[in-house]
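# coordinates for the following, if possible.
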Amino acid sequence: MLRKEIFLLAIIYLSAVAVNLCCAEKINSGDGTVTVLFDAPLQGAADEILKIYPAVRDELRKDLGWETEFRPEIVLVKDQHSFFTASGRDLVTAFAVPGKDLIVIDYSKMGRHPYTVDVTLKHELCHLELHHHIASERLPRWFDEGICQWVTGGYGELIEGGSHEVLTQAVMSGRLLSIDRLTASFPSDGRDMLLAYEESRSIVDYLQRRFGVSAVQRILEQMSRGADLERAVYMSFSVSLDEVEKKWRASLSTKSAWLYYLRENLYEILFVFAALLAVWGFLKVLKKKREYKDEEEGEDGEELREDGEK
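I've put the predicted structure just below:
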């Protein structure tokens, strides 16, 4: 969650838990590169953040090609209710506040694979890095989110709830959202919001597959030098952003969507098929028993008639 609404949410958060924060624990890394604020029961989690932060930062530097030139403050919230007061959404696991170098994590949701602390931290730190190097007005919402999902292997701050199926169904029904609609913000509707996140990831993944990791880094570098995304894409690939969107849509053909759906639901399909085979086998055995019974009854009838004739 970013842009104007995130600043409002940050204010709401800081107001709602001001009592807790003023008494919260606070620790700094030995080299002064990160600060962690946390509720008292989360001492172990705060220590873990300090331990993994250098590795997460270094991974992100390799992915984006930038050095971290700021010291983030990471707030760990122990209960879901307090975090909901800040984020306003049940599906969100964390959020970043660009300009404040702030990351807020709902620790009650951590440990639910794949929403581990290191993945969540890397995703949110990526948001801060992007906004440190690229002016917010030149950073489309979908590209911002797509890059942060890309560096974490497709995982974001949203508890997906089947978002892969949402994208597949949108492709099959021809109801994909245009990237223009996702430039300033994402839809608030649950299903469209899931689709927005999944499309963002899918487009950036397409760029990486089609042109390579270094090409994605070139786009980011051009944007950090002042180019908007349209210009950065053209300078990197000699194609327009509209053309990229068309080719991305073409790559998500209905045939591909069906194959993806079959692959993702293979076990369920095999289970249903096995169940149908079991039912078919049962009916076949039942039919044979009835035929055998009818044959026995027929033989008994013949024997009775023969006895009667004698």
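# the domain parsing of the protein - what is it?
1-133, 135-264 (automatic domain parsing).
# Val285 is nearest to which of those?
Taking CB to CB as the measure, the domains of the chain were each checked against Val285, and domain 135-264 came out nearest at 30.8 Å. Glycine gets a C-beta too; all of them are placed from N, C-alpha and C.
# so where's the stretch 151-300 of the chain uncertain?
157, 159-164, 254-267, 269, 291-300 (pLDDT under 70).
# what segments of it are helices?
Along the stretch 151-300 of the chain, the stretches classed as helices by DSSP state H, counting those that start in this stretch are 163-173, 190-211, 213-224, 229-237, 241-251, 254-264, 266-309.
# His133 is in contact with Leu139, correct?
No: here Leu139 does not reach His133: they are 9.4 Å apart, not a contact under CB atoms under 8 Å.
# what residues do the two have in common as contacts?
Between them, Leu139 and His133 share these contacting residues under CB atoms under 8 Å, 6 or more residues apart in numbering: Met223.
# quick one, which of these two is more surrounded?
When Leu139 and His133 are compared on other CB atoms under 10 Å, the one with more neighbours turns out to be Leu139, at 23 against 18.
# related to what we said a few turns ago, format the domains of the chain as TSV; extra columns: distance to Val279.
Formatted as TSV, the entries for the domains of the chain read as follows, by distance: least, CB to CB, whole Å:
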stretch	distance to Val279
domain 1-133	35
domain 135-264	22
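# pick the most deeply packed of the helices of the stretch 151-300 of the chain.
The highest average neighbour count among the helices of the stretch 151-300 of the chain, using mean count of other CB atoms under 10 Å, belongs to helix 190-211 at a mean of 20.
# who are the packing partners of that helix?
Using 3 or more CB pairs under 8 Å, 6 or more residues apart in numbering; DSSP states H and E as the contact test, the elements touching helix 190-211 are helix 141-150, helix 163-173, helix 213-224, helix 241-251.
# thinking again about what came up before, ok, which of the helices of the stretch 151-300 of the chain comes nearest Arg61?
Relative to Arg61, the nearest member of the helices of the stretch 151-300 of the chain by CB to CB is helix 213-224, separated by 11.2 Å.
# what angle do that closest one and helix 229-237 make?
Counting by axes from the mean of the first three to the mean of the last three CA atoms, to 10 degrees, helix 213-224 lies at 140 degrees to helix 229-237.
# how far off centre is helix 213-224?
Between the centre of helix 213-224 and the centre of its chain there are 22 Å (CA atoms, centre = their mean, to the nearest Å).
# just checking, Leu125 touches Val56?
Yes: the pair formed by Leu125 and Val56 meets the contact definition of CB under 8 Å, at 6.4 Å.
# as TSV, the helices and strands packed on helix 190-211 with distance to Ser29 would be great.
Converted to TSV, the helices and strands packed on helix 190-211 look like this (distance: least, CB to CB, whole Å):
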stretch	distance to Ser29
helix 141-150	23
helix 163-173	34
helix 213-224	26
helix 241-251	40
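# out of the ones you listed, flag the one nearest Arg290.
Evaluated with CB to CB, the helices and strands packed on helix 190-211 place helix 163-173 nearest to Arg290, the distance being 43.2 Å.
# restrict the closest one to CA atoms and write it as PDB.
Listed in PDB are the C-alpha atoms of helix 163-173, where the atom choice follows Å, rounded to 0.1, in the frame of the first residue of the first chain:
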ATOM      1  CA  SER A 163      -5.100 -14.700  -7.000                       C
ATOM      2  CA  HIS A 164      -3.500 -17.000  -9.500                       C
ATOM      3  CA  GLU A 165      -6.900 -18.400 -10.400                       C
ATOM      4  CA  VAL A 166      -8.300 -14.900 -10.500                       C
ATOM      5  CA  LEU A 167      -5.800 -14.000 -13.300                       C
ATOM      6  CA  THR A 168      -6.500 -17.300 -15.100                       C
ATOM      7  CA  GLN A 169     -10.200 -16.700 -15.000                       C
ATOM      8  CA  ALA A 170      -9.800 -13.100 -16.200                       C
ATOM      9  CA  VAL A 171      -7.800 -14.300 -19.200                       C
ATOM     10  CA  MET A 172     -10.300 -17.000 -20.000                       C
ATOM     11  CA  SER A 173     -13.200 -14.500 -19.800                       C
END
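# helix 241-251 and that one, what's the angle between them?
Put simply, helix 163-173 runs at 90 degrees to helix 241-251, going by the same axes, to 10 degrees.
# which elements pack onto helix 163-173?
Helix 163-173 makes packing contacts with helix 190-211, helix 254-264 when contacts are defined by 3+ CB pairs under 8 Å, 6+ apart.
# number of nearby residues for Phe83?
Using other CB under 10 Å as the criterion, Phe83 is surrounded by 28 other residues.
# I meant Tyr155, not that one.
The burial count for Tyr155: 20, using other CB under 10 Å.
# wait, it touches Lys122, no?
No: with contact defined as CB under 8 Å, Tyr155 and Lys122 do not form a contacting pair (9.0 Å).
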